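Trainee: predicted model and sequence follow; I will ask about them next.
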Amino acid sequence: MEKFVINGGRALDGEVAISGAKNAAVAIIPAVILCDEPCRIENIPNISDVTLIGRILQEMGAVVKRVNKSTLDIDPRHIASCSATSELVRGMRASYYLLGALLGRCHQAKVCLPGGCNFGARPIDLHLKGFAALGARHELVNGAIIDVKSEQKLHGNNIYLDFASVGATINIMLAAVKAEGQTIIENAAKEPHIVDLANFLNSMGASIRGAGTDTIKIRGVDYLHGVTYSIIPDQIEAGTYMCAAAATRGKVLVKNITPKHLESISAKLREIGCEIKEYDEALLVDASKMPLNRCNIKTMPHPGFPTDCQPQFTALLCTVDGTSIMNESVWDNRYQYVSELTLMGAHISVEGRLAIIEGGSRLTAAPVKATDLRAGAAMIIAGLCADGTTEISSIQYIERGYEDIVGKLTALGADIKKVYFEQSADQGLRA
Ligand code: UD1
C-alpha cells in the first residue's frame with residue numbers, strides 16, 4: 001500500500017522537464033505490431049501504463065528491450081498469435097489499440113475488453129463500425145473478449161465518425177494502414193498524439209495524409225520498415241504542472257514541450273490572470289504577481305480545452321475568488337473526484353455535465369483518494385495548496401500516467417513524499 005503525503009502551502013518555483021506523451025506511447029507501442037522489422041522508440045515516459053503495454057507485447061511474442069529509462073527496442077517479427085486475452089490487457093484502456101494493430105497485421109484480433117479509468121460508459125461502437133467498414137466482422141465472446149476478423153485482406157472505405165473519438169480514429173488508422181486501397185476518416189479526432197502516430201507510421205513507409213485535420217486519408221501499403229522514432233512531449237503532464245504552478249501562485253518554467261499543443265491551457269491561465277511566456281520548447285507560468293480571477297471552461301476535443309486537464313483546473317479554480325463553471329462535454333461522468341475535493345473544504349456542486357465552483361475559501365488537508373489518473377493529479381494540486389498534511393491513497397492511478405511526479409514536484413520546492421504502508425490485522429494501516 002502506498003500513499004502520497006503532502007505538506008501544503010509552498011509556492012512552486014523552478015523548472016520542470018516534461019516526459020514523452022503517455023497517450024502517444026500507448027498507441028505507438030502497439031503500432032509496432034504492424035511493422036515488418038524491429039523499431040526503436042525514444043522519449044517514452046517511465047510510467048506503469050507503458051510497462052504494461054510492453055509486457056502485453058512480450059506475452060504475444062514480441063522481443064521488448066529497455067535500452068534506457070526512455071528508450072525501448074521492440075522486435076515484432078516473432079508475434080505468432082493474433083490474440084491478447086491475458087489479465088494484463090484488462091488493466092488498461094489503451095489495450096484496445098491491439099484490436100486495430102492485430103487486425104492490420106493478420107486480419108484477425110481477439111482482445112479482452114479494456115479497463116482503465118472510469119468516466120461512465122466508455123463504448124467502442126465507433127471503433128467497431130470502422131472495422132466493419134474495412135470488411136471485418138466482430139462478435140463479443142463470453143461478454144469479455146472481442147473477436148474481430150475478416151476472411152480476406154481489409155479494404156479501404158470512407159468512414160464518418162459520429163463523434164471525433166480519439167480511440168476510434170487511432171484504431172481505424174492502425175487497421176487501415178496495410179489495407180487494400182484508400183481509407184478516408186471524416187470527422188477524425190485531431191489530438192497531438194494522433195498526428196504523432198501518423199508521423200510514426202509514415203516514417204515506417206505508411207501513406208497517411210491529413211492527420212491533425214478533420215479528414216485523414218490512408219492509402220494502404222504492404223510493407224513497413226523499422227525506424228527510430230521519438231515520441232512528442234506530454235500535453236497533459238505539461239498542463240498539470242502549469243496548473244499546479246498557478247494554483248500555488250508559483251513561477252515555473254515548463255521545459256521540453258510543444259507550446260502549440262498547450263494553447264487552450266495557456267489561454268485559460270492568461271484569462272485568470274497568470275503571466276505566460278512562450279519559448280521554442282518551453283513555457284513560463286508566473287502566478288506570483290497578481291491575484292487570480294474566476295473563469296468558465298468547456299472541455300472539447302482538440303484544439304479545444306482538454307478533458308484530461310479538467311480535474312486539475314477544477315482544483316485550481318477552488319483557489320480563486322468568485323464562481324467558476326466547468327462544463328465537461330466529452331465524458332458523461334468525470335466528476336467523481338469532486339466529493340474528495342469537498343472533503344478538503346472545496347465548495348463545488350455538480351449538475352449533470354456542469355460543476356459550479358465557489359472559489360476562494362482556503363483548502364484544508366484531509367485523507368483523500370485518487371479516483372482516477374487525472375483526478376489524482378487534481379488531489380495533488382489541492383494538497384499542494386491546502387493548509388496542513390494531505391494524504392492521497394490509490395496512487396496507482398497517478399503512477400499510470402505521471403513519471404516521477406514526486407521527484408519533479410520536490411525539485412520545484414513542494415513537500416511531497418511517497419509513503420509505504422503495511423496492512424496489519426489488528427492495527428489497520430500503519431506507516
Ligand atoms: C482518449 C484518451 C483519454 C481522453 C479522451 C478524450 C487515450 C489512451 N485516452 O480516450 O485520456 O480523456 O481521449 O480526449 O488516449 N465514444 C463513443 N463511442 C466510441 C468511442 C468513443 O461514444 O466508440 C465517446 C465516449 O464515450 C466519449 C467520447 O466519445 O464520450 C470521447 O471518447 P474518445 O475520444 O474515444 O476517448 P478515448 O480514446 O477512450
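Mentor: Nice, thanks for sending it over. Numbers count the residues shown, from 1 in each chain.

Trainee: what's the burial count for the residue nearest to residue 40 when sequence neighbours are not counted?
Mentor: Spatial nearest neighbour of residue 40, excluding adjacent residues (Cβ to Cβ, 6 or more residues apart in numbering): residue 228 at 4.2 Å. Backbone N, C-alpha and C define where each C-beta goes, glycine included. Neighbourhood size, residue 228 [other Cβ atoms under 10 Å]: 11.

Trainee: do you know how far residue 228 is from the ligand?
Mentor: According to Cβ to the nearest ligand atom, to the nearest Å, residue 228 and the ligand sit 23 Å apart.

Trainee: Three-state assignment for residue 208, please.
Mentor: At residue 208, secondary structure determined by DSSP: H, G, I helix; E, B strand; the rest coil is strand.

Trainee: what is the burial count for it?
Mentor: Neighbours of residue 208 (other Cβ under 10 Å): 23.

Trainee: and residue 278, by the same measure?
Mentor: 14.

Trainee: ok, residue 103 next?
Mentor: Neighbourhood size, residue 103 [other Cβ under 10 Å]: 30.

Trainee: host element of it?
Mentor: Element membership for residue 103 (DSSP states H and E) is helix 97-106.

Trainee: what's the first helix or strand after that helix?
Mentor: strand 108-112.

Trainee: elements contacting the helix or strand just after that next one?
Mentor: Next in sequence after strand 108-112, counting helices and strands by DSSP H and E, comes helix 125-133. Helices and strands touching helix 125-133, by 3 or more Cβ pairs under 8 Å, 6 or more residues apart in numbering; DSSP states H and E, are helix 97-106, strand 137-141, strand 145-149, strand 158-160, helix 166-176.

Trainee: how about the residues of the stretch 101-250 of the chain near the ligand?
Mentor: Residues of the stretch 101-250 of the chain lying near the ligand by Cβ under 6 Å from any ligand atom: 121-127, 163, 165-168, 189.

Trainee: and of those residues, the nearest to residue 32?
Mentor: Nearest to residue 32 among these is residue 167, at 18.1 Å by Cβ to Cβ.

Trainee: list the residues that contact that closest one.
Mentor: 93-94, 96-97, 124, 126-127 (Cβ atoms under 8 Å, 6 or more residues apart in numbering).

Trainee: what about the stretch 1-150 of the chain, any weak spots by pLDDT?
Mentor: 116-121 (pLDDT under 70).

Trainee: change it to 90
Mentor: Low-confidence segments of the stretch 1-150 of the chain (pLDDT under 90): 1, 80-81, 84-95, 112-123, 140-145.

Trainee: got it, and the stretch 301-431 of the chain?
Mentor: The model of the stretch 301-431 of the chain has pLDDT under 90 over residues 361, 421-431.

Trainee: recalculate using a threshold of 70.
Mentor: Ranges of the stretch 301-431 of the chain meeting pLDDT under 70: 423-431.

Trainee: close to the ligand: what parts of it are there?
Mentor: So the stretch 301-431 of the chain meets the ligand at 307-308, 330-331 (Cβ under 6 Å from any ligand atom).

Trainee: first-to-last residue distance for stretch 168-187?
Mentor: 11 Å (Cα to Cα, to the nearest Å).

Trainee: so which of the residues of the stretch 101-250 of the chain next to the ligand is surrounded by the most neighbours?
Mentor: For these, neighbours tallied by other Cβ under 10 Å; top is residue 168, 28 neighbours.

Trainee: any idea what sits nearest that residue, other than its immediate chain neighbours?
Mentor: residue 126 (3.8 Å).

Trainee: and the one you found, what does it touch?
Mentor: Listed by Cβ under 8 Å, 6+ apart, the contact set of residue 126 reads 161-163, 165, 167-168.

Trainee: can you give me the buried ones in stretch 73-88?
Mentor: 73-76, 79, 82-85, 88 (16 or more other Cβ atoms under 10 Å).

Trainee: tabulate the CA atom coordinates of stretch 323-338 in CSV.
Mentor: Backbone C-alpha positions of stretch 323-338 (Å, rounded to 0.1, in the frame of the first residue of the first chain) are rendered in CSV as follows:
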residue,chain,number,x,y,z
THR,A,323,-17.8,31.4,-9.1
SER,A,324,-16.4,29.4,-12.0
ILE,A,325,-18.3,27.0,-14.2
MET,A,326,-16.8,23.9,-15.6
ASN,A,327,-18.7,22.2,-18.5
GLU,A,328,-17.5,18.6,-19.2
SER,A,329,-18.7,18.0,-22.8
VAL,A,330,-16.6,14.9,-23.6
TRP,A,331,-17.3,12.4,-20.8
ASP,A,332,-20.7,11.9,-19.1
ASN,A,333,-19.3,11.1,-15.6
ARG,A,334,-16.0,12.8,-14.9
TYR,A,335,-16.7,14.5,-11.6
GLN,A,336,-16.2,11.5,-9.3
TYR,A,337,-13.3,13.3,-7.6
VAL,A,338,-15.4,16.3,-6.6
